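J.: For reference, the sequence and a predicted model appear below.
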Amino acid sequence: MSADEFRRRFPTVHAVVQQGLARGLHHGVQIYVSRDGDVLADAGIGKATPDADMTPDTVNPWLSAGKPLTAVLLAR
């Protein structure tokens, strides 16, 4: 899914992401959403590096991103 298609299908989410980019909160984001096995969104927006666009296939380091996932699993 291209960033333009994502913007058309999910305008509110796209606007929030663009606001974050403009405020310098992040340089780029990847978004993947599925429901009942159907992919609703799979897009990259912004930059992965200064020289490369973010895409759905961009590999990003998770660093400490696993902590919220662990918290959710433990809370169940």
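T.: Sure, I can see it.

J.: okay, and for this structure, where does confidence drop off?
T.: Across the chain, the ranges flagged by pLDDT under 70 are 64, 76.

J.: As a check, name the ranges of all strands in the protein.
T.: In the chain, the strands defined using DSSP state E lie at 28-35, 38-49, 52-53.

J.: which stretch among those comes nearest Pro68?
T.: Proximity to Pro68, assessed across the strands of the chain by Cβ to Cβ, is greatest for strand 28-35 (15.7 Å). (Glycine included, C-beta is placed from N, CA and C.)

J.: and that closest one, which strands flank it?
T.: Next to strand 28-35 in the sheet, as set by DSSP bridges, lie strand 38-49 (antiparallel).

J.: Need the strands of the chain in TSV (columns: mean neighbour count and distance to Pro68).
T.: Output for these, formatted as TSV (neighbours: other Cβ atoms under 10 Å; distance: least, Cβ to Cβ, whole Å):
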stretch	mean neighbour count	distance to Pro68
strand 28-35	14	16
strand 38-49	16	20
strand 52-53	12	26
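
J.: possible to save those strands as CSV with distance to Ala15?
T.: Formatted as CSV, these follow (distance: least, Cβ to Cβ, whole Å):
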stretch, distance to Ala15
strand 28-35, 13
strand 38-49, 11
strand 52-53, 19
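
J.: looking at those, which is closest to Trp62?
T.: For the strands of the chain, the distance to Trp62 is smallest for strand 28-35, at 11.7 Å, taking Cβ to Cβ.

J.: Any chance you could list what contacts that closest one?
T.: Residues from elsewhere that reach strand 28-35 (Cβ atoms under 8 Å, 6 or more residues apart in numbering): 6, 13, 17, 20-21, 39-48, 53-56, 58, 60.

J.: Could you do stretch 56-72 as well?
T.: Outside stretch 56-72, the residues that touch it by Cβ under 8 Å, 6+ apart are 1, 28, 30, 32, 42-44, 48, 52.
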